[in-house]
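K.L.:
fold the following and give me the result.
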Amino acid sequence: MISLILDNIRSLYNVGSAFRTADGLGVEKLYLCGYTGCPPREEISKTALGAEEVVPFEKVENILPLIKKLKEDGYTVVSLEKNNSSINIIDYRWPKNVALVVGNEIVGISEEVLKASDCVVHIPMIGIKESFNVASALAIAIYDVVSKT
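P.N.:
All right, here's what the predicted structure looks like:
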């Protein structure tokens, strides 16, 4: 099972894209944390194209208690972020139950969330940029989970 945690995502279009990707790849639930916007919003609907009406979601103010609860429920919490200890997603073996965390488009995932995570993975980049747009990155990562499990 795959759950997706969006933490402090500022673009409602990225949130809508997350709903659409979640629907297309079988994510069981979205957790919209911090100031991440949630439906109903026109901007979310514009990119979700109805997926926001069928993919279960929950608004959560504080991500840390959510991470603790998901771990207690048997999920491995994996943050998608590049840092000195992150694992290349190509080499990562996904667990059966995963909660994937994606963070803010500018500052990424907070240090406290990274520390609370079981693992941190990154998507290797070829060009001059160091990261993908959050909507693209989560689609790549979720597809990787689905294709390897």
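K.L.:
going forward, measure contacts between C-alpha atoms and count neighbours the same way
P.N.:
Fine.
K.L.:
could you say what helices and strands the strand or helix carrying Tyr31 packs with?
P.N.:
Here Tyr31, judged by DSSP states H and E, is contained in strand 29-33. Strand 29-33 is packed against strand 2-7, helix 12-25, strand 57-60, with contacts defined by 3 or more Cα pairs under 8 Å, 6 or more residues apart in numbering; DSSP states H and E.
K.L.:
what are the ranges of the helices in the protein?
P.N.:
12-25, 42-48, 63-72, 111-116, 134-148 (DSSP state H).
K.L.:
deepest-packed of those, please.
P.N.:
Highest mean neighbour count among the helices of the chain (mean count of other Cα atoms under 10 Å): helix 12-25, with a mean of 23.
K.L.:
got a list of contacts for that helix?
P.N.:
Helix 12-25 has contacts (Cα atoms under 8 Å, 6 or more residues apart in numbering) with 4, 6, 9, 28-30, 36-38, 41, 43-52, 54-55, 134-135, 138-139, 142-143, 146.
K.L.:
from the middle of its chain, how far away would the strand holding Tyr31 be?
P.N.:
Here the centre of strand 29-33 is set off from its chain's centre by 8 Å, with Cα atoms, centre = their mean, to the nearest Å.
K.L.:
what angle separates it from strand 2-7?
P.N.:
Interaxial angle of strand 29-33 relative to strand 2-7 (axes from the mean of the first three to the mean of the last three Cα atoms, to 10 degrees): 10 degrees.
K.L.:
shift numbering so it begins at 91
P.N.:
Renumbered: residue one is now 91, and that last one reads strand 119-123.
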